[in-house]
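*Asks:* Need coordinates for the below:
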Amino acid sequence: MSSSVFEIEGFSFSAVSAGIKRADSDRLDFGLIVSDSPAVTVGVTTTNIVCAAPVTITRERLQTGVSQVILVNSGNANAYTGCQGVANALSLTTAVASAMTVDENLVIPMSTGVIGLPLPVDRMKFRVPELVGSLSRSGFDKVASAIMTTDTQPKTACVDRTLSNGPLRIVGMAKGAGMIAPNMATMLAVILVDVLVERSFLSEVFVQINNVTFNRVTIDGDTSTNDTAIVMSGGCRQPRKLLDNVDDRNTFSQALFTVCQSLSRQIVQDGEGATKVVEISVLGAPDDNSATRIARRIAESPLVKTAFHGEDPNWGRIVCAAGSAGVSFDPAQLDLWIGDVQIVRSGVLESGDWENRAKQVMQNREFSVVLDLNAGPSKASILTCDLSEEYVGINADYRS
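*Replies:* Alright, predicted model coming up:
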């Protein structure tokens, strides 16, 4: 998509190269998202106890419910960097606020990259004037590229709908390809809305949507130190408001869900070394939590994920993973499918040529695994990918 596709009323964008990971690099790694006026802002952040300095600052600043600037960098997570990491992040938000003449508390910092190294603050501050000076309505795609680390491509989404008082546009960007097992967030995501939504409703809806999109994907089972997802609404100076009627609110909620669902799926599709995208669905569970726990356990099992990579319908690994999720069920009641091929029926292995048919299904880029516990009314799905040799290579050399 061209950058014009992502233009949204009330927001400007810019990105520059600051040599954050390597001083001699010229890749975009320092980005800015700015609303024309303070925008209603909500967000979710990592539950990892070892959280990054920008996450600490973001949590505090989100308490006000408004922001105007998101300052983002890749190449350095500014995580596990102690008091100096917080000071460095604050120094950068102050520099940007000063250059833009806005309240520094309206600047939200977001970082991603290598853990445990101090930010190259001097190099970054040197690029602030250019970062601010190059803001434009059409710079969305540059920021989407600047937040990438091991991603092979930007992750973006745009949805247009019609409300009773005019059009609605929601655009979003995300990054993430490894260290993905979100818990209340994803690696990094920013979603922008061109109508003004009151904070309480926006927060409620976003948390609900987050739990069934970003929180339902996994690549490797590791929750990042920097996971942050932000929604900003109503960035222009006189924004239209989301009206308090059922139809408009449902339209808005569905549009926001569509953007989050697209971004979360793109994250899995671009998983480090991934060659398969697999939806794990658990049906017939006693409750939603049990269904989710089993689906996540299957989705994060290295043995299952390597079988996916080898296109091996190793049903025993799937059932074994389900049994280790800490949920009580009767193994004699299980039904299991890979794609449309049933492999287990009422706890008994099917006869016939199920293995070759299942293997053919697994040769596709995307397929599904369905496990029915036949123990209740609840269900849940987790989107995952395979585990390949390339994943090991990428992460073995990540800091090089």
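
*Asks:* where's the residue nearest to residue 277 when sequence neighbours are not counted relative to residue 278, distance?
*Replies:* Excluding its sequence neighbours, the residue lying closest to residue 277 (Cβ to Cβ, 6 or more residues apart in numbering) is residue 366, at 4.5 Å. Placement of C-beta: from N, CA and C, glycine included. Plainly put, residue 366 is 7 Å away from residue 278 if you go by Cβ to Cβ, to the nearest Å.

*Asks:* before we move on, what about residue 42?
*Replies:* Taken as Cβ to Cβ, the span from residue 42 to residue 278 is 31 Å.

*Asks:* ok so, going back, now do the same for the residue nearest to residue 277: its pLDDT.
*Replies:* Looking at residue 366, its pLDDT is 94.

*Asks:* which residues sit in contact with it?
*Replies:* With contact set as Cβ atoms under 8 Å, 6 or more residues apart in numbering, residue 366 has these partners: 276, 277, 278, 279.

*Asks:* which among those gets closest to residue 98?
*Replies:* Nearest to residue 98 among the contacts of residue 366, counting by Cβ to Cβ, is residue 277 at 44.5 Å.

*Asks:* how about that closest one, what does it touch?
*Replies:* 265, 268, 269, 271, 365, 366, 383, 384, 385.

*Asks:* how many other residues sit next to the last one?
*Replies:* Read that as residue 385. If you count neighbours by other Cβ atoms under 10 Å, residue 385 ends up with 29.

*Asks:* so it sits right up against residue 276, yeah?
*Replies:* Yes. With contact defined as Cβ atoms under 8 Å, residue 385 reaches residue 276; the gap is 5.9 Å.

*Asks:* Can you check which residues contact both of those two?
*Replies:* By Cβ under 8 Å, 6+ apart, the residues touching both residue 385 and residue 276 are residue 308.

*Asks:* pretty sure residue 162 is in a helix, no?
*Replies:* No. Per DSSP: H, G, I helix; E, B strand; the rest coil, residue 162 lies outside any helix segment and is strand.

*Asks:* how much space between it and residue 252?
*Replies:* Distance from residue 162 to residue 252, by Cβ to Cβ: 11 Å.

*Asks:* Same question for residue 204.
*Replies:* 12 Å.

*Asks:* neighbour-wise, which of the two wins?
*Replies:* Set side by side, residue 204 and residue 252 show unequal neighbour counts under other Cβ under 10 Å, the larger going to residue 252 at 23 against 12.

*Asks:* Give me the pLDDT value at the more buried one.
*Replies:* 98.

*Asks:* Against which helices or strands is the helix or strand it falls within packed?
*Replies:* Element membership for residue 252, per DSSP states H and E: helix 246-269. Helices and strands touching helix 246-269, by 3 or more Cβ pairs under 8 Å, 6 or more residues apart in numbering; DSSP states H and E, are strand 155-163, strand 166-175, strand 188-193, helix 199-212, strand 277-285, strand 378-385.

*Asks:* about what we covered before: shared neighbours, residue 162 and residue 252?
*Replies:* What both residue 162 and residue 252 touch, as defined by Cβ under 8 Å, 6+ apart, is the set residue 168.

*Asks:* I'd like the distance between the residue nearest to residue 277 and residue 271.
*Replies:* Residue 366 is 12 Å from residue 271, by Cβ to Cβ.

*Asks:* Repeat that for residue 190.
*Replies:* 21 Å.

*Asks:* Could I get the phi/psi values of residue 58?
*Replies:* Main-chain torsions, residue 58, degrees, to the nearest 10: phi -60, psi -40.

*Asks:* mean confidence for the strand ranked longest in the chain?
*Replies:* In the chain, with assignment by DSSP state E, the single longest strand is strand 30-45. Average pLDDT, strand 30-45: 96.

*Asks:* Give the other helices and strands that it contacts.
*Replies:* Contacts defined by 3+ Cβ pairs under 8 Å, 6+ apart place strand 30-45 against strand 11-16, helix 53-62, strand 66-73, helix 128-133, helix 140-146, helix 199-212, strand 228-233.

*Asks:* where do the helices sit along the stretch 301-400 of the chain?
*Replies:* 302-309, 315-323, 354-362, 389-396 (DSSP state H, counting those that start in this stretch).

*Asks:* Please identify which of the ones you listed is closest to residue 212.
*Replies:* Using Cβ to Cβ, the nearest of those to residue 212 is helix 315-323, at 20.7 Å.

*Asks:* contact partners of the closest one?
*Replies:* Here helix 315-323 has contacts from 282, 294, 297-298, 301, 303-304, 307, 329, 331, 334, 336, 338, 343-344, 349, 369, 371, using Cβ under 8 Å, 6+ apart.

*Asks:* So which of those residues are in strands?
*Replies:* 282, 336, 338, 343, 344, 349, 369, 371.
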